[in-house]
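1. Sequence first, then the predicted structure, then my questions.
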Amino acid sequence: MPQISLTSAHTPRIAVAGATGRVGSALINALSNDPIKLIALTRKPDPAHFATNVAQATVDFDNLTTLQDALQGAERLFLAHGTSPWQAKNEIALIDAAIGAGVRHIVKLSVFGPPLRLHPYDWHTRIESYLSTCDIGYTLLRPTTFFDVLALGGESVMKDTWGGAAGNGTVNLIDTRDIADCARAVLLDPNSNDYQRAFHLTGEHAWSMPKIAEELSFFLGRDVRYHHRSLAEHRKHLLSSGKNELVADVLTGLDLIFSQSVLSESTSTVQVLTGHAPRTLPAWLLENIAMFGELAQER
């Protein structure tokens, strides 16, 4: 699949929902130089946000006709939505609009792991179940948790208050750019229209939070610790730091599955789909070290 070829006789039209999100933004950047017609679906169009060759279409989930109008002429749709109580409802609405508009293949950003009652895992399970009943080609991209979740601890690392309830469990975190690269490969695959499949995406290998603290200690040239808390203590800490109930629930839910090493599996899927190995956690930490403190040394 890494060998992507597009015929000169036809220029495909690809729509990206969630175009301003972490994966969506990286996907827009990855696709912007490809010979395609690219359209970003957004609730608040901003001419300055995207390159001039990226069209924008306004979508309003309170006015469902805008969804189908925005997808007219699109052959493929990348489907992503920010974590919220409306995620399942809105993604299902986009699926219905895509079918109505004649979209032939949907690439849905989902989650890696077993079905869970935790948000947003249960929302993704509901959306996947609905999509499986539809007469349309689809690919489910199921990545593990993003490297970016570590950015939430940036200020805490500086103050030596970083911690949580992950214990010594391990998780195979992934770079959002690798997810975008996988999405690009599927969206540009000329043979994928009728496929109905799922890909599990992971990083290079699993890490525990204490091991990540050791990496940060090396780069920062000082001792970085991960302070262990119970789930109840960590939820209280998150709420006291200004996080709302939903965010606190999501983050404590992540720590629960991290502590059980539910997401420690490694796959070769990023390599197979993109032709390159997944980006590494140390490389991401070094690239983003300013949010944790001043760089003291690098490997």
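-> Yes, it's here.

2. pLDDT on stretch 194-201, on average?
-> What stretch 194-201 shows for mean pLDDT is 94.

3. now what about that stretch, what contacts it?
-> Stretch 194-201 is contacted by residues 105, 110, 112, 132, 137-144, 174, 178-179, 182, 186, 265, 267, 269-270, 273 when judged by Cβ atoms under 8 Å, 6 or more residues apart in numbering. C-beta: built from backbone N, CA, C; applies to glycine.

4. which stretches of the stretch 1-150 of the chain have low pLDDT?
-> 1-10 (pLDDT under 70).

5. mind listing the strands for it?
-> Ranges of strands within the stretch 1-150 of the chain are 13-17, 37-42, 54-58, 76-79, 105-109, 137-143, based on DSSP state E, counting those that start in this stretch.

6. among these, which is nearest Glu128?
-> Closest to Glu128 of these, according to Cβ to Cβ: strand 137-143, at 6.1 Å.

7. Show me what that closest one is packed up against.
-> strand 105-109, helix 121-132, helix 176-187, strand 196-201 (3 or more Cβ pairs under 8 Å, 6 or more residues apart in numbering; DSSP states H and E).

8. Mind putting the strands of the stretch 1-150 of the chain into a markdown table with mean neighbour count?
-> Output for the strands of the stretch 1-150 of the chain, formatted as a markdown table (neighbours: other Cβ atoms under 10 Å):
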| stretch | mean neighbour count |
| --- | --- |
| strand 13-17 | 25 |
| strand 37-42 | 22 |
| strand 54-58 | 16 |
| strand 76-79 | 27 |
| strand 105-109 | 24 |
| strand 137-143 | 23 |
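
9. what's the spacing between Phe146 and Lys236?
-> 25 Å (Cβ to Cβ, to the nearest Å).

10. quick one: which of the two has more around it?
-> Each of Phe146 and Lys236 has its neighbours counted (other Cβ atoms under 10 Å); Phe146 has more, 18 against 14.

11. how about Asp60, what does it touch?
-> Arg43, Thr66.

12. Also Arg229?
-> With Cβ under 8 Å, 6+ apart, Arg229 has these contacts: Gly163, Gly164, Ala165, His237.

13. same deal with Phe146?
-> Arg22, Leu173, Ile174, Asp175, Thr176, Ile179.

14. cool, and Thr280?
-> Thr280 neighbours (Cβ under 8 Å, 6+ apart): Gly203, Glu204.

15. all helices of this protein, in order?
-> Using DSSP state H, the helices found in the chain span residues 22-31, 65-71, 87-101, 121-132, 154-159, 176-187, 209-220, 231-240, 245-259, 269-274, 281-287.
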